[in-house]
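A.B. asks: Need a 3D model of the following:
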Amino acid sequence: MNLDIYYDKECPFCKQYAKLMALKKNHNVSIKNAREYKSKIIEFNNLGFNINEGLIVVCEEKIYHGSDAVIFLDKLDKTGIKISLYDNILFKKVLYPIVKFIRYILLKILGKNPNIL
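C.D. replies: Below you'll find the model as predicted:
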């Protein structure tokens, strides 16, 4: 399975998540810094997927975004004991928005632009 993962390399959370992905062992994974793929990010944006609101995963021409992308990747990861902490309403509606807010603040504190586009 081919996966293209677009994330913000400037974001410490995103960078660590991308490093931790063990999906490379079982899938053809391409991890891309969204800041280096502006034209593709504009295409996603035109389709309603805002990279500033969360990472984007493309798999077999299907697009996953934000918390749905995290859930999708979590389900693909076959390492260890699987107890999904992500595929629930608490993660989608509360925890993920909190992480996005912390990302925004952290990037501001680090002097980085939190918006890719």
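A.B. asks: List the buried residues of the helix or strand that residue 97 is a member of.
C.D. replies: Here residue 97, judged by DSSP states H and E, is contained in helix 96-109. Judged by neighbour count (16 or more other CB atoms under 10 Å), helix 96-109 contains these buried residues: 96, 99-100, 103, 107. For glycine as for every other residue, the C-beta is placed from the backbone atoms N, C-alpha and C.
A.B. asks: next one: stretch 28-38
C.D. replies: Buried residues in stretch 28-38 (16+ other CB under 10 Å): 29, 31-32, 34-35, 37.
A.B. asks: what's in contact with that stretch?
C.D. replies: Here stretch 28-38 makes contact (CB atoms under 8 Å, 6 or more residues apart in numbering) with 1-10, 18, 21, 23, 40-41, 51, 55-56, 116-117.
A.B. asks: Could you do stretch 105-117 as well?
C.D. replies: 8, 10-13, 34-35, 38, 41-42, 45, 50-52, 103-104.
A.B. asks: Among those residues, which lie within strands?
C.D. replies: The members of those all map outside strands under DSSP state E.
A.B. asks: Of those, which pair is most distant in space?
C.D. replies: Farthest apart among these by CB to CB are 12 and 42. That separation is 24.9 Å.
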